[in-house]
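Asks: model the following, please.
(chains A and B)
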Number of protein chains: 2
Amino acid sequence: MGNPQERPVYQNWNPQRLYVRSLLMELESSWIVGFVDGEGCFHVSINKHNEMSTGYQVLPEFTVVQHERDVQVLYALKSYFGCGVVRRNHGDRMAYRVRGLKHLMERIVPFFEKHLLKTKKQIDFLKFRTILLKMTNNSAHLNLEGIEEIRCIKEQMNKQTKIESDSFGNRRDESSEIPCRVSSDLHEWCNDLGAVSTRDSVKL
Amino acid sequence: MGNPQERPVYQNWNPQRLYVRSLLMELESSWIVGFVDGEGCFHVSINKHNEMSTGYQVLPEFTVVQHERDVQVLYALKSYFGCGVVRRNHGDRMAYRVRGLKHLMERIVPFFEKHLLKTKKQIDFLKFRTILLKMTNNSAHLNLEGIEEIRCIKEQMNKQTKIESDSFGNRRDESSEIPCRVSSDLHEWCNDLGAVSTRDSVKL
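Replies: Residues are numbered from 1 along each chain as shown, chains lettered A, B, ... in the order given. The predicted structure follows:
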């Protein structure tokens, strides 16, 4: 594998690890904002969960999905934020995702507070942050009234009222849903609540 | 509409133009690279065209497609590069696209030569640039031998041989196509050749 002296950049280099994980690229904050403006997703699920006193589990998630050919970028994001996991999403798609409330509040939210998104995804981020704050400060996810509040906010995420003019100059006010590619493998879920969710995402 | 003195930023401000076009956001190069890494596409079509001496027209294109809610970002890209158009792509999708050989060579290529893409889209860009250079320097698009060369290169774009290990540690060498969302309205085409193409994209 060559002389270790030739690899000063990777102090913890391990030949057993995947090649794609050891050659981490350096990312700039502005590039990350652009990439997340394009490919990122702030998402909250509310799932049935018999072991929760409310019967429901609230699952916030930050995700970036890429074709497997660009898995290096996902590992670079994981390294930059110092949290989250890289997993196969479905088919040939890989996902970088952060689910733990602590990591979301301490790593993801401060970054996007400092480096503003330029697309309307910024609005989704602000709603996502509002939900996280309600969970952190008021434990809103642990009582039915709080969960209903979260549901109301989350239903306005990843869809936006369009108020600009259309190509014919007509003013329009209509809501359209923005597809958000999130992981479907909820059985892998492991967040601060220390519970495994079901796949049944429900409306309260 | 208020005192024009209050709008020093927009010297050519025109109240008849769309609101979304007049409030241009400023973009940083690093953000653009991240956004194009996520949402951009370098694409070349070879279409039947009876008015061309070869019977074919070669159509290179740089495109960024977004949901219409984020059309401001596309106008900002147009402003940054100083070329291209923003048009409806299909449905609720809008596209920023640059098609003219001169604009591609003078505005788009130098930008991405200076600011490197971080995903494998960089490989697509390099192949795209090779085709543009063949068109510019050798007029490769004006003879059948050159068009065949272009076709060989273009067939390797937006698909990559994956040579990293898979999640089981097995080394794989397989080719997978990366979807590239490009405009379908070829009737709107207007590039340096000054000709309108057909919709019939063909293999030679």
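Asks: average pLDDT for the longest strand belonging to chain A?
Replies: Criterion DSSP state E: the longest strand present in chain A is strand A:56-67. Over the span of strand A:56-67, the pLDDT mean works out to 96.
Asks: packing partners for it?
Replies: Applying 3 or more Cβ pairs under 8 Å, 6 or more residues apart in numbering or on different chains; DSSP states H and E, one finds that strand A:56-67 makes contact with helix A:29-39, strand A:40-48, helix A:71-81, strand A:93-98, helix A:121-138, helix A:144-154. Any C-beta I mention is one placed from the backbone N, CA and C, and that applies to glycine too.
Asks: right, and the ones you listed - which one's nearest chain B?
Replies: Of all the helices and strands packed on strand A:56-67, the one in closest proximity to chain B, counting by Cβ to the nearest Cβ, is helix A:29-39 (2.6 Å).
Asks: which ones are touching A:Arg62?
Replies: Rather than Arg, residue A:62 is Phe. A:Phe62 sits next to A:Gly40, A:Cys41, A:Phe42, A:His43, A:Gly84, A:Arg97, A:Val98, A:Arg99, A:Leu104, A:Ile108, A:Phe128 when contact means Cβ atoms under 8 Å, 6 or more residues apart in numbering or on different chains.
Asks: ok, now how distant is A:Arg97 from A:Cys83?
Replies: 10 Å (Cβ to Cβ, to the nearest Å).
Asks: so for these two, which sits in the more crowded spot?
Replies: Shown here are A:Arg97 and A:Cys83; by other Cβ atoms under 10 Å in any protein chain shown, A:Arg97 has more neighbours (23 against 17).
Asks: and the angle for the longest strand of chain A with helix A:71-81?
Replies: Here strand A:56-67 runs at an angle of 130 degrees relative to helix A:71-81 (axes from the mean of the first three to the mean of the last three Cα atoms, to 10 degrees).
Asks: between strand A:56-67 and helix B:29-39, how many degrees?
Replies: Interaxial angle of strand A:56-67 relative to helix B:29-39 (the same axes, to 10 degrees): 100 degrees.
Asks: strands paired with strand A:56-67, and their directions?
Replies: strand A:40-48 (antiparallel), strand A:93-98 (antiparallel) (DSSP bridges).
Asks: export these to a markdown table and tack on mean pLDDT?
Replies: Compiled in a markdown table, the strands paired with strand A:56-67 are given as follows (pLDDT from 0 to 100):
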| stretch | mean pLDDT |
| --- | --- |
| strand A:40-48 | 95 |
| strand A:93-98 | 97 |
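Asks: reformat the ones you listed as a markdown table; add distance to A:Trp31.
Replies: Converted to a markdown table, those look like this (distance: least, Cβ to Cβ, whole Å):
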| stretch | distance to A:Trp31 |
| --- | --- |
| strand A:40-48 | 12 |
| strand A:93-98 | 14 |
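Asks: re the thing from before, could I get the helices and strands packed on strand A:56-67 as CSV with distance to B:Leu133?
Replies: What follows is those, written out as CSV (distance: least, Cβ to Cβ, whole Å):
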stretch, distance to B:Leu133
helix A:29-39, 27
strand A:40-48, 34
helix A:71-81, 27
strand A:93-98, 33
helix A:121-138, 36
helix A:144-154, 49
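Asks: give me the below-cutoff pLDDT ranges for chain A.
Replies: A:1-23, A:160-204 (pLDDT under 70).
Asks: follow-up on the earlier one: so which of the helices and strands packed on strand A:56-67 gets nearest B:Ser53?
Replies: B:Ser53 sits nearest to helix A:29-39 of all the helices and strands packed on strand A:56-67, at 40.2 Å, using Cβ to Cβ.
Asks: which other helices and strands does the closest one contact?
Replies: strand A:56-67, helix A:71-81, helix A:109-114, helix B:29-39.
Asks: buried sites along it?
Replies: A:Ser30, A:Trp31, A:Ile32, A:Val33, A:Gly34, A:Phe35, A:Val36, A:Asp37, A:Gly38, A:Glu39 (16 or more other Cβ atoms under 10 Å in any protein chain shown).
Asks: do you know which of the helices and strands packed on strand A:56-67 lies nearest B:Lys120?
Replies: helix A:71-81 (8.8 Å).
Asks: check which helices and strands that closest one sits against.
Replies: Taking 3+ Cβ pairs under 8 Å, 6+ apart as the contact cut, helix A:71-81 packs with helix A:19-22, helix A:29-39, strand A:56-67, strand A:85-90, strand A:93-98.
Asks: looking at these, which is closest to B:His90?
Replies: Of the helices and strands packed on helix A:71-81, nearest to B:His90 by Cβ to Cβ is helix A:29-39, at 18.7 Å.
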